[in-house]
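1. Please work out how this folds:
(one chain, ligands or ions: 1)
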Amino acid sequence: MSEFCKAPPGSLAVSSESLPILPTAVPVPAQPLRALLDTAESELLAWLATIGEKKFRAGQIRRWMISRRIQAFDQMTDLSAVLRQQLTEHFSFSSLQTVRHQVAADRTEKLLLRLHDGELVECVLMRDPGRRTVCVSTQVGCAMGCVFCASGLLGVKRDLTAAEIFEQVLVLHRLMEDDEKITNVVVMGIGEPLANYRNLMQALDMLCSDDGFGLGARRITVSTVGLPMQIREFARCGRQFNLAVSLHAPNDELRTQIVPVNKGTGLQEIIAAADDYFEITGRRVSYEYVLLAGVNDQPHHAEELSRLLRGRNCHVNLIPMNGVTELVMTAPGEPRTHQFCELLKDRGIPATVRKRKGADIDAACGQLRLNRTATDAASKDE
Ligand code: SF4
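-> Now for the predicted structure:
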């Protein structure tokens, strides 16, 4: 309780005019500066006009922010020192602060980022020959509650803004060597992307635009647990993004146990929406299937899955579960994984086992955030 709250009952009944003006005991914290990328183009132009700068500076600043690997306004060397100083005083360079940075033996890099309100998200950079893929989050936490996933354990706190989604790509881009460039983006981090549809689409527009990263839509994959209405809306957006639908089970009974949100939808409706996606965009749909030992990895599950997907132009990605300490489930062994994959292929369903990246770091989605949140909570309790 503060000193002000210890006044005897009734003594607070005084008008504000009678209160003496006291010097402020606690300094009022400065308003956090708005991140430049969170500022609309029109606002930036208006601000430039108020300080007597030409319109073209907006494009110049944006190019510096996005395509060069700089860390501060001061590095924008073709702007005047005065303008750089004004930018520093009016905007923050980034809305994301790196809290933890892990680098795996295979050079996969994972970041835990703090947002302006203290919330945490994760993003990952994966390196393959000729390919640099970044994986980004779209929400703080996730409401879908998949039983194998660390991200869903704490529920959902809020949606990320378009700039917060886009900036994850920027932060990872700044980690890369000069001769590396981002070739692919997968929206498979924390959160259900299609539950944050509007901000997701804005972020994808920024990634595809020429003064963004100029990425082709075919280089971007959005993963969803299966929200039929949003899948159809996504199909009609006029771009050829890739769609990955997380199935994880070949029947509703088992799927509802693994992906509780399935209860209100059902597999048939999700697959019908994915079929529409293929019809409208011509893009082959991927089905993601996390293999959980003793739960959904038996030969009869593979048989049932092949019947469910028969006749469809699709591909199945098998993902042996990434261990999370807080969860009891594990991945099946290599022979069982291989057998599952071969069974699908024998029945005409193209399937591959996803290569595990960053095995020696906390690479499971949401694991870093979960660990950090638990540590923060423990230190508050002390
Ligand atoms: S797997 Fe995806 S949809 Fe499911 S809880 Fe995790 S982040 Fe959410």
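
2. from here on, contacts and neighbour counts on C-alpha atoms
-> Fine.

3. Which residue ranges make up each domain of this structure?
-> By the assignment in automatic domain parsing, the chain contains the domains 40-92, 97-381.

4. Could you check the longest strand anywhere in the chain and say which residues are buried?
-> Secondary structure of the chain per DSSP state E: the longest strand is strand 120-128. By 16 or more other CA atoms under 10 Å, the buried positions in strand 120-128 come out as Leu120, Val121, Glu122, Cys123, Val124, Leu125, Met126, Arg127.

5. what do you get for stretch 311-326?
-> Quick answer for stretch 311-326 (16+ other CA under 10 Å): Cys314, His315, Val316, Asn317, Leu318, Ile319, Pro320, Met321, Asn322, Gly323, Val324.

6. got the residues of this protein near the ligand?
-> Selection of the chain residues close to the ligand by CA under 6 Å from any ligand atom yields Cys142, Met144, Gly145, Cys146, Cys149, Ser151, Gly152, Ile190, Gly191, Glu192, Val225.

7. Next, count neighbours for the first one.
-> Using other CA atoms under 10 Å as the criterion, Cys142 is surrounded by 25 other residues.

8. Surely it is in contact with Ala150?
-> No. Under the criterion of CA atoms under 8 Å, Cys142 makes no contact with Ala150, lying 9.4 Å away.

9. Going along the chain, name the strands of the chain.
-> Along the chain, counting by DSSP E, strands occupy 34-35, 91-92, 97-103, 109-114, 120-128, 131-135, 139-141, 156-159, 184-187, 220-224, 242-246, 285-291, 314-320, 351-353.

10. how about the domains of the chain in TSV, adding mean pLDDT?
-> Shown next, in TSV, are those (pLDDT from 0 to 100):
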stretch	mean pLDDT
domain 40-92	93
domain 97-381	92
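
11. so of those, which one's packed in deepest?
-> Highest mean neighbour count among the domains of the chain (mean count of other CA atoms under 10 Å): domain 97-381, with a mean of 19.

12. Spatially, which residue comes closest to whichever residue of the stretch 201-350 of the chain sits closest to the ligand, not counting chain neighbours?
-> The stretch 201-350 of the chain approaches the ligand most closely through Val225 (5.2 Å), counting by CA to the nearest ligand atom. Spatial nearest neighbour of Val225, excluding adjacent residues (CA to CA, 6 or more residues apart in numbering): Ser246 at 4.9 Å.

13. what sits against the one you found?
-> By CA atoms under 8 Å, 6 or more residues apart in numbering, the contact list for Ser246 reads Ser223, Thr224, Val225, Gly226, Tyr287, Glu288, Tyr289.

14. try Phe213
-> Residues in contact with Phe213 (CA under 8 Å, 6+ apart) are Ile66, Ser67, Met206, Leu207.

15. Please name the bridge partners of Gln97.
-> Taking DSSP bridges as the rule, Gln97 bridges to Arg114.

16. again, but for Gln139
-> Beta-bridge partners, per DSSP bridges, of Gln139: Asp159.

17. My guess is it contacts Met188. True?
-> No. Contact criterion CA under 8 Å: Gln139 and Met188 do not qualify, at 10.8 Å.

18. Once you drop chain neighbours, what's closest to Gly317?
-> Not Gly; residue 317 is Asn. Excluding its sequence neighbours, the residue lying closest to Asn317 (CA to CA, 6+ apart) is Glu288, at 4.9 Å.

19. Name the residues linked to the one you found by a beta bridge.
-> Using DSSP bridges, the bridge partners assigned to Glu288 are Ser246, Asn317.

20. Okay, it and Val147: tell me how far apart.
-> As defined by CA to CA, to the nearest Å, Glu288 lies at a distance of 15 Å from Val147.

21. Next: Leu33.
-> According to CA to CA, Leu33 stands 39 Å off from Val147.

22. re earlier: can I get the residues of the chain next to the ligand in JSON lines with distance to Glu41?
-> Output for these, formatted as JSON lines (distance: CA to CA, whole Å):
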{"residue": "Cys142", "distance to Glu41": "31"}
{"residue": "Met144", "distance to Glu41": "34"}
{"residue": "Gly145", "distance to Glu41": "37"}
{"residue": "Cys146", "distance to Glu41": "38"}
{"residue": "Cys149", "distance to Glu41": "38"}
{"residue": "Ser151", "distance to Glu41": "33"}
{"residue": "Gly152", "distance to Glu41": "35"}
{"residue": "Ile190", "distance to Glu41": "28"}
{"residue": "Gly191", "distance to Glu41": "28"}
{"residue": "Glu192", "distance to Glu41": "28"}
{"residue": "Val225", "distance to Glu41": "34"}
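
23. Going by distance to Gly333, which of these wins?
-> Ranked by distance to Gly333 (CA to CA), these are led by Cys149 at 19.1 Å.

24. My guess is the closest one contacts Met329. True?
-> No. Assessed by CA under 8 Å, Cys149 is found out of contact with Met329, at 9.9 Å.

25. Identify the residues contacting the residue nearest the centre of the chain.
-> Ranked by distance to the mean C-alpha position of the chain (CA atoms, centre = their mean), the top residue is Ser137 at 0.7 Å. Contacts for Ser137 were tallied using CA under 8 Å, 6+ apart; they are Val121, Glu122, Cys123, Ile165, Val187, Met188, Gly189, Ile190, Gly191, Pro193.

26. Next, give phi and psi for it.
-> Torsion angles at Ser137 (phi, psi; degrees, to the nearest 10) stand at phi -100, psi 160.
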